[in-house]
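Student: Have a look; sequence and predicted model below, questions after that.
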Amino acid sequence: MRLWQRPLVFGAGLLSSAACFAQSWNMPIGVTNVSREIHGLHMTIFWICVVIGVLVFGAMFYSLFRYRQSRGAKAAHFHENTKIEILWTVIPVLILVGMAIPATATLKNMYDASDAELDVMITGQQWRWRYEYLGENVAFNSNLSTPRSQIGGEEDRGEHYLLEVDEPLVLPINRKIRFLMTSDDVIHSWWVPDLAVKQDTIPGFINENWVKINEPGIYRGQCAELCGLDHGFMPVVVQAMEENAFDDWLAERKKVAEQEAQGVGREWEMDELMARGESVYQSICASCHQPEGQGSPPAFPSLAGNQQLINDLDWHLDKVINGVSGAAMPAFRNTLNPVEIAAVVTYTQNAWGNETEEIVQPARVADQVEP
Amino acid sequence: MAPKIPQQSPLQHSDTVATAGGIPQHAAHPTGWRRWVLTTNHKEIGTLYLIFSLTMFFVGGIFALVVRAELFQPGLQLVEPEFFNQMTTMHGLIMVFAAVMPAFTGLANWMIPLQIGAPDMALPRLNNFSFWLLPVSFTLLLSTLLMPGGGPNFGWTFYAPLSTTYAPSSTTFFILALHIAGISSILGAINIIATILNMRAPGMRLMDMPLFVWTWLITAFLLIAVMPVLAGVITMMLMDINFGTSFFDAGGGGDPVLFQHLFWFFGHPEVYIMILPAFGIVSAIIPTFARKPLFGYASMVYATAAIALLSFLVWAHHMFVVGLPLVAELFFMYSTMLIAVPTGVKIFNWVTTLFRGSISFESPMLFALAFVVLFTIGGFSGLMLAISPADFQYHDTYFVVAHFHYVLVPGAIFAIMAGVYYWLPKWTGHYPNETLAKWHFWFSVIGVNLTFFPMHFAGLAGMPRRIPDYALQFADFNFVSSIGAFFFGASQLLFVLVIVLCVRGGKKAPAKAWEGAVDLEWTVPSPAPLHTFETPPVFQSTDK
Ligand code: HEM
Ligand SMILES: [Cu+2]
Ligand SMILES: [Cu+2]
């Protein structure tokens, strides 16, 4: 849309807002029973406010118009009336009690995460989400997939600009799913408006929430708690599938995970590690250390030409596995598997002119991670 | 820009001021810059506070415009996310601690002694000290922007561990700056309480005090109660950052949620600190221009007290999605809904005061009326936010940004502007230029609504706050908001113009500058001489 067209469209939208109120001008009704209830509460309290507003502002503008001095109005001198004061205290209290009753019921329902059929652990990390299907041995990271060139404006922006990821969270419909939510670093907040789930993920805490989705589809949201540099760039995408399709998907993912586990035992070639390492680097490390390893000191040291890293492989491996306490560098021991860690360390050792010729085998990483 | 305060002849001074023992107290007035740096006069200190606040209003405003410029269109055009975060953070901190709070303290300094018939504040030297702490504090705070690693970038709510373990190294200076500002507020509050409780004109009972004095008395108690909590929480941050403690570091056994409880135990009363004095100003202006006494003086006092007490019981409504237990969630939902009741009482009272009055629309009245309407809209969205299940959708979105800007900009700031237009004749001896003031009013009203109303929609449609770039469906709302923001920002230059013109000249104002004004400040000449009420006035209790 051209810039000058926007106000026109906006104006038209404002005029027809009554008609399209259910659309993107308002809270979505969503696809769960809870989201419907919340939308209902939202609209109820909204209309209560509208009615009170019409009455109060009506009385106010009537007085302003009717009792203008320029119209010759003479001021009355009445004041203090206990009956009226009591009335306009008690009536609002009654309205609020009426509002609190359904709100309490909905809240109780939202807090009841019992009898879930599937547990998903959601971990916030600067700046991605990690999803783990508990007891299923399936886990993966979900990163923003909008290319940086779109953000910078060198390329046209796609339909789901900033609301798209490399791997969405896949969930079945019609099953109650419990979320266990935590964070590896700072506080994030996992939010999908259509599911009416917004819950902070807090380091050291495990929060609980749940969802039971009624319709298949793709639902998009974002991190809602300021979490540092790329807070605006950590979207949430949920793909809700029919139950059968979900079961097939999960079985497939389990198989892949097993193959990956076997990969730890074998000897890897340099080329394989470099290829794998580059993709891990670009999706996990580049947001801080930059795509070319140049970093952005002082917060994020450069890796290209970093002498300590070049001279001391053990040190390098330790920082990736265990992180740097008191700094932004997270520990990747639980986030990346041994193959990924071995690959990304090998890649960093050999990319951008570092050229140490060092190869780290997944088995070596596994030894360091396990004990 | 300072109002010209007429020099009084030395003779007059030795008459009235040199007291028993022959020690001349105020007799030696330093001149030049020393007059302002060393002043212990409540009017001069009030002026200093107001000038400081206005300056910071523009500094904070420029930061906001950087934010709005970046959000004008999707994509990253002007600033890096890192700098964007510094701008949102600094904007919030400056507006809260350096613009709104000092403005109210400035008005208190000027008007409380005049409204209660006291010659000055109770503790004049302390008063000077409280003010001069502020430029120190905010120079330090602003200087963090130039430090390596940049300034605070974790939001004005500075949640740990983003503001501790993950913070830029300048955070220690941020903590020091906030400590200094906090001490300034506490000392100011002590001074105000001491003044109000001890220095009222003979015959003025508490229930005779103007509402601006009442609301400030209650605000001062809130300040004394919660500023130490803020000091405590930033000291804990300081220890976590520099001395290896783990109050908020989960890795060391600490508790990041504790930070939020402590912050909001300060933070929620803080938002009322920024609005109660506004209630007081509006409660003076509406009866004046409706030429009719305030409908329920006593109930206004009780409602203010009720709001202040309740404000200690609602803090966790800012934490509905952190995973509180169900009972806590319910308790804070109910208590927050309850706080809307005394707030409603105030609004009903103002409207009833207008009913059957004889109303005229001078600029102070226009701002006060806009306050009533637009603050009420902010109150409505507050009521919606109080519904905890719905807050799971609203929280940390632009809907919240819309809410608190409605209560703070056309709320607190419009009330401050109303107060300035109302009292300028008393300060300078001239009426402000009414035509320009009306332009300023209409531009501000349009600008505020253009800026903040679309934010309700952006938030409901799913836009989180504190993001430098956004999905395409939010583009139109942001486009309008940005235009509104620049329009609003530019129209504030008119405000400065009106003030400067008014200080330099204009229609002469009599002692009682407004026909319907009743309080004691209108019994002293306009402009108010440097020393007033050296002999206490005799206060006649009118029918309030
Ligand atoms: C009817 C009265 C009010 C009610 C019921 C109310 C309710 C709320 C609630 C529930 C929130 C939290 C929303 C969220 O973060 O999800 C909130 C936020 C806020 N309110 Fe109010 N509010 C009221 C009046 C005020 C007033 C008078 C002020 C200040 C002048 C104010 C300033 C704020 C601010 C600054 C925030 C946002 C804080 C932040 O997260 O940065 N509110 N309000
Ligand atoms: Cu975030
Ligand atoms: Cu609050």
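Tutor: Yep, that arrived. Numbering: from 1, shown residues only, chains lettered A, B, ... in the order given. Ligands and ions are numbered 1, 2, ... in the order given.

Student: Can you pull up the most central residue in chain B?
Tutor: For chain B, the residue sitting closest to the mean C-alpha position, by C-alpha atoms, centre = their mean, is B:Val100 at 2.8 Å.

Student: Distance check, that residue against A:Tyr347.
Tutor: Going from B:Val100 to A:Tyr347 by C-beta to C-beta, to the nearest Å gives 52 Å. Using the backbone N, CA and C atoms, a C-beta is placed for each residue, glycine as well.

Student: if we can go back for a sec, I'd assumed B:Ile413 was in contact with the residue nearest to the centre of chain B.
Tutor: Yes - here B:Val100 reaches B:Ile413: they are 6.9 Å apart, a contact under C-beta atoms under 8 Å.

Student: these two touch, right, B:Ala316 and B:Ala328?
Tutor: Yes - with contact defined as C-beta under 8 Å, B:Ala316 counts as touching B:Ala328 (6.2 Å).

Student: burial count for residue 262?
Tutor: No chain was given, so I picked chain A. Burial of A:Gln262, expressed as a neighbour count using other C-beta atoms under 10 Å in any protein chain shown, amounts to 9.

Student: meant chain B actually
Tutor: Other residues lying near B:Leu262 total 20 when counted by other C-beta under 10 Å.

Student: follow-up on the earlier one: more neighbours: which of B:Ala316 and B:Ala328?
Tutor: Neighbours per residue, other C-beta under 10 Å: of B:Ala316 and B:Ala328, the larger number sits with B:Ala316, 22 against 13.

Student: Using the three-state scheme, assign that one.
Tutor: helix (DSSP: H, G, I helix; E, B strand; the rest coil).

Student: contacting residues around B:Ala418?
Tutor: If you count contacts by C-beta atoms under 8 Å, 6 or more residues apart in numbering or on different chains, B:Ala418 has them with B:281-282, B:285, B:364-368, B:371.

Student: Please name the nearest non-neighbouring residue to the residue in the stretch 401-544 of chain B positioned nearest to chain A.
Tutor: Residue of the stretch 401-544 of chain B nearest chain A, by C-beta to the nearest C-beta: B:Ile467 (3.3 Å). With C-beta to C-beta, 6 or more residues apart in numbering or on different chains as the measure, A:Gly232 is the residue that lies nearest to B:Ile467, at 3.3 Å, once sequence neighbours are left out.

Student: who touches the one you found in this structure?
Tutor: Remark: with contacts taken as C-beta under 8 Å, 6+ apart, A:Gly232 is in contact with A:162, A:222, B:81, B:464, B:466-470.

Student: did I read that right, it in a helix?
Tutor: Yes - the assignment for A:Gly232, made by three-state DSSP, places it in a helix.

Student: how about the residues of chain B near ligand 1?
Tutor: Neighbours of ligand 1 within chain B, by C-beta under 6 Å from any ligand atom: B:157, B:271, B:274-275, B:317-318, B:336, B:339-340, B:343, B:379, B:382-383, B:385-386, B:391, B:394-395, B:400, B:403-404, B:407-408, B:411-412.

Student: now do 5 Å
Tutor: Counting by C-beta under 5 Å from any ligand atom, the residues of chain B close to ligand 1 are B:271, B:274-275, B:317-318, B:340, B:343, B:379, B:382, B:385-386, B:391, B:395, B:400, B:404, B:407.

Student: Poorly predicted segments of the chain, please.
Tutor: Using chain A here. By pLDDT under 70, the weakly predicted segments of chain A are A:1-23, A:326, A:371.

Student: you looked at the wrong chain, it should be chain B
Tutor: Flagging of chain B using pLDDT under 70 yields the residue ranges B:1-28, B:542-544.

Student: Try it again at 80.
Tutor: Low-confidence regions of chain B, defined here as pLDDT under 80, cover residues B:1-30, B:540-544.

Student: Let me know how buried the closest residue to ligand 2 within it is, in neighbour terms.
Tutor: Taking C-beta to the ion as the measure, chain B has B:Pro464 as its residue closest to ligand 2, at 7.7 Å. Counted with other C-beta under 10 Å, the neighbours of B:Pro464 add up to 26.

Student: Quick one: name the residues of chain A near ligand 2.
Tutor: Within chain A, the residues that sit near ligand 2 (C-beta under 5 Å from the ion) are A:188, A:223, A:227, A:231.

Student: Reformat these as JSON lines; add secondary structure.
Tutor: Below are the residues of chain A next to ligand 2 laid out as JSON lines (three-state DSSP):
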{"residue": "A:His188", "secondary structure": "strand"}
{"residue": "A:Cys223", "secondary structure": "strand"}
{"residue": "A:Cys227", "secondary structure": "coil"}
{"residue": "A:His231", "secondary structure": "helix"}
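
Student: Could you pick out the buried ones from these?
Tutor: Listed as buried from the residues of chain A next to ligand 2 are A:188, A:223, A:227, A:231; burial here means 16 or more other C-beta atoms under 10 Å in any protein chain shown.

Student: follow-up on the earlier one: from the contacts of B:Ala418, pick the one nearest B:Met237.
Tutor: Checking the contacts of B:Ala418 against B:Met237 by C-beta to C-beta gives B:Ile281 as the nearest, at 34.6 Å.
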